[in-house]
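J.: Need coordinates for the following:
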Amino acid sequence: MKKYVWLMAGILSFAPALAGIKLRMDTREQNGSGSLQSGWIYAEGENRLRIDVDIDPDTGQPENSMIFHADEEVLYMVDHIEKMYARLDRHVMETFSDRFSQAMEQMQAELEKLPEGQRKVMEDMIKKNMPHSGSFEVEVRDVGMDGEYHKYETWISGEKRSEVWVRTLDQVGLPENSLVVFRKLSTFYEQMLNSLSNNPWADGGLGANPFPGFLEMKGLPVRIVHMEEEVETRLSDVQVVDLPDAFFQPPSDYVESSPDVH
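T.: Modelled structure (predicted):
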């Protein structure tokens with residue numbers, strides 16, 4: 001499971017502030033043991049979203065952030081420890097996928113040159129060591145009302161991944177358009193993952209969609225039980241805050257690290 005984090009607060013403090021929301025999500029093992037992990041989610045309008053994870057308990061600073069610009073369809077993966085970031089968009093993912101396909105075709109051509117017995121051994125070895133292949137299909141199952149919460153299940157590629165309890169925006173005190181950017185990220189992320197579906201190593205590289213099935217859910221998740229990891233995430237704080245525009249950009253002194261796809 002991927003976690004999410006905060007960034008610096010003082011940069012360009014003179015920049016105009018934008019009305020946004022700030023959510024705190026706390027995750028711990030389902031049995032209540034283990035250390036509590038907190039992450040913060042920031043959103044502004046319908047096109048800016050930032051998720052901070054791996055928060056340092058002493059400094060309150062994140063080790064990693066994900067920043068999404070929905071209007072530009074750009075996702076930034078920020079590493080605050082190394083002071084680096086990667087810029088991901090459709091062009092990057094499609095080019096990476098094309099190059100992988102070409103490499104696989106070249107490898108298959110080389111295998112065809114081997115004697116049948118040796119080729120079979122090599123093909124079996126390759127198949128055994130490939131961690132994953134196939135599409136990333138997300139299904140949301142509406143379980144119905146569970147007390148005052150609306151309950152859903154998310155299934156990914158035929159496997160139940162989570163149980164989700166949702167409340168309406170009125171119930172948690174958020175503006176009406178607060179979930180638009182979350183839904184945009186969910187859609188964008190699924191499209192990115194599917195563009196890499198022919199790459200058996202993509203599942204572990206980019207990570208799972210942080211908001212699978214948001215389009216089908218009628219509200220904000222306030223409790224999520226992650227089946228595979230056996231952990232539970234709960235919404236513990238909701239705030240309406242002013243955020244500087246620079247907060248939704250990688251820091252200007254960080255170095256961009258991206259594949260050479262141009």
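
J.: any idea which element the residue nearest to residue 185 when sequence neighbours are not counted lies in?
T.: Using CB to CB, 6 or more residues apart in numbering and skipping residues adjacent in sequence, the residue nearest residue 185 is residue 68, 4.9 Å away. Quick note: C-beta positions are derived from backbone N, CA and C, even for glycine. Taking DSSP states H and E as the criterion, residue 68 maps to strand 62-69.

J.: Given the helix or strand following that strand, what are its sheet partners and their directions?
T.: Counting by DSSP H and E, the next helix or strand C-terminal to strand 62-69 is strand 74-79. Here strand 74-79 is paired, per DSSP bridges, with strand 62-69 (antiparallel), strand 84-88 (antiparallel).

J.: Residues in contact with the last one: which ones?
T.: If I follow you right, that is strand 84-88. 74-79, 192, 206, 250, 254-258 (CB atoms under 8 Å, 6 or more residues apart in numbering).

J.: What of the first one?
T.: Under the criterion CB under 8 Å, 6+ apart, residues 3-7, 40, 47-56, 74-81, 181, 184-185, 188, 210, 248-250 lie in contact with strand 62-69.

J.: follow-up on the earlier one: what comes up buried for the strand holding residue 68?
T.: For strand 62-69, the neighbour count (16 or more other CB atoms under 10 Å) marks 62-69 as buried.

J.: Which single one of those is nearest to residue 158?
T.: Closest to residue 158 out of the buried residues of strand 62-69 is residue 66 (26.4 Å), distances taken as CB to CB.

J.: partners of the closest one in the sheet?
T.: Beta-bridge partners of residue 66, as defined by DSSP bridges: residue 51, residue 77.

J.: so how far is residue 48 from it?
T.: As judged by CB to CB, to the nearest Å, residue 66 and residue 48 stand 12 Å apart.

J.: for residue 227, same thing?
T.: 31 Å.

J.: Looking at the two, which has the bigger crowd around it?
T.: Shown here are residue 227 and residue 48; by other CB atoms under 10 Å, residue 48 has more neighbours (21 against 15).

J.: For the stretch 51-200 of the chain, which segments are assigned as strands?
T.: All strands of the stretch 51-200 of the chain, identified by DSSP state E, counting those that start in this stretch, fall at 62-69, 74-79, 84-88, 138-146, 149-156, 159-167.

J.: Check the separation of the first and last residues in stretch 239-252.
T.: In terms of CA to CA, to the nearest Å, the two terminal residues of stretch 239-252 are separated by 27 Å.

J.: what comes up buried for it?
T.: For stretch 239-252, burial by neighbour count (16+ other CB under 10 Å) applies to 243-244, 246-250.

J.: try stretch 138-155
T.: Applying 16+ other CB under 10 Å to stretch 138-155 flags 138-140, 149-155 as buried.

J.: mean confidence for that stretch?
T.: The average pLDDT for stretch 138-155 rounds to 91.

J.: can I have that stretch written out in PDB, keeping just the CAs?
T.: Once non-C-alpha atoms are left out, stretch 138-155 reads as follows in PDB (Å, rounded to 0.1, in the frame of the first residue of the first chain):
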ATOM      1  CA  VAL A 138     -11.300  -1.700 -11.000                       C
ATOM      2  CA  GLU A 139     -14.800  -2.700  -9.900                       C
ATOM      3  CA  VAL A 140     -16.700  -1.000  -7.100                       C
ATOM      4  CA  ARG A 141     -19.500  -3.000  -5.400                       C
ATOM      5  CA  ASP A 142     -22.200  -1.000  -3.600                       C
ATOM      6  CA  VAL A 143     -22.900  -2.900  -0.400                       C
ATOM      7  CA  GLY A 144     -25.500  -0.400   0.800                       C
ATOM      8  CA  MET A 145     -26.000   1.500   4.100                       C
ATOM      9  CA  ASP A 146     -24.100   0.400   7.200                       C
ATOM     10  CA  GLY A 147     -25.500   2.500   9.900                       C
ATOM     11  CA  GLU A 148     -25.000   6.200   9.000                       C
ATOM     12  CA  TYR A 149     -22.300   5.200   6.400                       C
ATOM     13  CA  HIS A 150     -22.500   4.100   2.800                       C
ATOM     14  CA  LYS A 151     -20.300   1.000   2.400                       C
ATOM     15  CA  TYR A 152     -18.500  -0.100  -0.800                       C
ATOM     16  CA  GLU A 153     -16.000  -2.800  -1.800                       C
ATOM     17  CA  THR A 154     -13.300  -2.300  -4.300                       C
ATOM     18  CA  TRP A 155     -12.100  -5.200  -6.400                       C
END
